[in-house]
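Trainee: no sequence for this one, just the structure:
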Ligand code: HPA
């Protein structure tokens, strides 16, 4: 069923979708990792490709940046395209001294300063979490590939450029590993639709040490993260 944001036909999107913020990154993944990749959506240039990885059908799609954008695309995938699993692959900013650039961070749960959860009128704060079977698969894949991975709470923030430069420290005190801008919405949409989600990220910068990765380091970190995500995807 085509939507206002996605013109793919029913059946053109796989049950497992990798989502990355940048649609051109989705194109890169499709061209470099998938066999027989076919472009199934290009509305607003939010590319979605479907192909196979090690014989299993997988789609890869851009999500755009931030909660509202991934909120729309992931909702449609789960509810209108019958997608079962979304694995977000992205980058994050480290909040902890021991979480180094190029390490992998896996979001066991996502905290947030977004009001995305207000739509459920819960009179409380919903704790958004990843799917346990996907977490287990990611843990196994990281071990197999010999990668340093940190599993824990992440912050989905609405502000990339925050007025308060010390803001991150309050979340860091509570053990939050790193920040990004999408997972809270993805995890809530998955839970509401009784589907599965996981976020796997490569650390691109550190708010603690102010270290930033070079484009080359980002590419290496990205490759490791993709290998983990694809292993998880084909285990589904
Ligand atoms: N803030 C928010 N999102 C991010 C960051 C950051 O510092 N780095 C990578 N994604």
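Mentor: Ah, there it is. Just so you know, these numbers come straight off a predicted model, no measurement behind them. Numbering: from 1, shown residues only.

Trainee: buried stuff in stretch 159-179?
Mentor: 167, 168, 171, 172, 176, 177, 178, 179 (16 or more other Cβ atoms under 10 Å). Bear in mind the C-beta positions are built from the backbone N, C-alpha and C, glycine included.

Trainee: for the first one, grab phi and psi.
Mentor: Okay, so that is residue 167. Main-chain dihedrals, residue 167, degrees, to the nearest 10: phi -50, psi -40.

Trainee: please apply the same query to the fifth one.
Mentor: Residue 176 has phi and psi values of phi -60, psi 130 when expressed as degrees, to the nearest 10.

Trainee: list the contacts of it.
Mentor: Taking Cβ atoms under 8 Å, 6 or more residues apart in numbering, we find residue 176 in contact with 95, 111, 152, 153, 154, 155.

Trainee: now do the SS call for residue 138.
Mentor: With DSSP: H, G, I helix; E, B strand; the rest coil as the basis, residue 138 sits in helix.

Trainee: which of the contacts of residue 176 count as buried?
Mentor: Among those, the ones that count as buried by 16+ other Cβ under 10 Å are 95, 111, 153, 154, 155.

Trainee: just flag the most distant two among the residues you listed.
Mentor: 95 and 111 (10.9 Å; Cβ to Cβ).

Trainee: which residues of the protein lie near the ligand?
Mentor: For the chain, the residues in contact with the ligand (Cβ under 6 Å from any ligand atom) are 91, 92, 93, 157, 160, 179, 180, 181, 204, 205.

Trainee: in a strand, the last one, correct?
Mentor: Yes. When three-state DSSP is applied, residue 205 is found to be in a strand.

Trainee: for it, grab the count of nearby residues.
Mentor: A count of nearby residues for residue 205, using other Cβ atoms under 10 Å, gives 18.

Trainee: pLDDT score for it?
Mentor: Here, the pLDDT recorded for residue 205 equals 94.

Trainee: same question, the second one
Mentor: At residue 92, the predicted lDDT confidence score is 97.

Trainee: what is the host helix or strand of it packed up against?
Mentor: Residue 92 is part of strand 85-94 when elements are defined by DSSP states H and E. Judged by 3 or more Cβ pairs under 8 Å, 6 or more residues apart in numbering; DSSP states H and E, strand 85-94 is in contact with strand 16-20, helix 67-80, strand 178-180, helix 183-192, strand 196-206, helix 215-235.
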